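A.B. asks: The following comprises the amino acid sequence and a computationally predicted model.
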Amino acid sequence: MLDALLLFLQIMLINIVLSGDNAVVIALASKNLPLEDRKKAIWWGAFGAIALRLVLTLVAVALLDIPFIQAGGSILLMYIAIKLLTDDEDHSDVKQASSLGKAVWTIIVADFVMSLDNVLAIAAKGNGNTTVIILGIGLSIPIIIWGSTMVMNLLHKFPILIYIGAGILGYTAGEMFVKDEKMIDWFLHDYEFLHTWIPILAAAVVILAGVLTKLSKRKKA
């Protein structure tokens with residue numbers, strides 16, 4: 001019983017620690033919604049993302065055997081980061097369901113891409129104890145939601161943090177790329193410095209792309 005409790009606490013801690021980026025993407029995806037819809041997006045997006053993570057964890061071994069899964073995910077996450085940074089749409093005249101659904105979908109897709117580290121760590125730590133894995137991930141939901149709510153409030157008070165948040169997602173994308181076994185086999189094995197520089201460059205590309213896109217939109221306006 002004590003062993004199961006310790007395992008549960010460890011899994012819950014791993015999920016919370018590795019979900020910092022997820023809190024950022026939840027906050028960024030919800031930032032343009034009205035207050036009422038923002039709260040719904042956070043809850044529905046977080047629940048959908050966690051449910052998907054549970055499924056991924058239970059099939060972790062098969063998932064991680066797929067070649068290029070992390071490299072492909074890193075490219076998708078780069079796109080999501082840039083999209084979130086440049087999305088300044090005014091949703092005041094858009095139907096509630098449409099804007100809310102868009103935010104929830106973005107949260108779930110981004111969490112799917114970013115959950116590989118969580119899945120691997122929790123699957124390894126769980127050692128086949130499905131019940132403890134499900135409880136550990138499920139009960140971390142309120143903490144992740146609280147974290148994303150706090151981040152979102154900060155984004156509205158300090159808009160510069162939107163760029164920092166997007167940069168964090170870009171950095172995460174770079175980290176995913178350098179962890180892909182195929183990328184390591186092809187060229188990263190011989191160039192250790194790229195493990196440090198690719199995430200930094202990915203963050204810089206996201207921020208630069210966001211700035212240039214916003215400047216282009218202002219000129220057109």
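C.D. replies: Yep, that arrived.

A.B. asks: where does this structure dip in pLDDT?
C.D. replies: 1, 10-21, 60-65, 88-98, 114-129, 133, 136-141, 143, 221 (pLDDT under 70).

A.B. asks: Run through the strands of it in chain order.
C.D. replies: Assigned strands in the chain: none (criterion: DSSP state E).

A.B. asks: what about the helices in it?
C.D. replies: 2-17, 20-30, 35-58, 60-64, 69-86, 96-114, 116-126, 130-138, 141-157, 160-179, 181-186, 194-220 (DSSP state H).

A.B. asks: any idea which of these is most buried?
C.D. replies: The highest mean neighbour count among the helices of the chain, using mean count of other C-beta atoms under 10 Å, belongs to helix 20-30: a mean of 26. All C-beta spots, glycine's among them, are computed from the backbone N, C-alpha and C.

A.B. asks: residues in contact with that helix?
C.D. replies: Here helix 20-30 makes contact (C-beta atoms under 8 Å, 6 or more residues apart in numbering) with 38, 41-42, 45-46, 49, 80, 84-85, 103, 106-107, 110-111, 114-115, 144-145, 147-152, 154-155, 162, 165-166, 168-169, 172.

A.B. asks: quick one, it and helix 141-157 angle?
C.D. replies: Angle of helix 20-30 versus helix 141-157, following axes from the mean of the first three to the mean of the last three C-alpha atoms, to 10 degrees, is 50 degrees.

A.B. asks: Can I get helix 20-30 as CSV, trimmed to CA atoms?
C.D. replies: Backbone C-alpha positions of helix 20-30 (Å, rounded to 0.1, in the frame of the first residue of the first chain) are rendered in CSV as follows:
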residue,chain,number,x,y,z
GLY,A,20,4.7,23.8,-17.4
ASP,A,21,4.8,24.2,-21.2
ASN,A,22,1.3,22.8,-21.4
ALA,A,23,0.0,25.5,-19.0
VAL,A,24,1.6,28.1,-21.3
VAL,A,25,-0.1,26.8,-24.4
ILE,A,26,-3.5,26.6,-22.6
ALA,A,27,-3.1,30.2,-21.6
LEU,A,28,-2.0,31.4,-25.1
ALA,A,29,-4.8,29.5,-26.8
SER,A,30,-7.4,31.1,-24.6
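
A.B. asks: neighbours around D87, how many?
C.D. replies: Here the count is done by other C-beta atoms under 10 Å, and D87 has 16 residues near it.

A.B. asks: Next, find the distance separating it from G48.
C.D. replies: Separation of D87 from G48 (C-beta to C-beta, to the nearest Å): 19 Å.

A.B. asks: Stretch 22-38: how far from the chain's middle?
C.D. replies: From the chain centre to the centre of stretch 22-38 is a distance of 13 Å (C-alpha atoms, centre = their mean, to the nearest Å).
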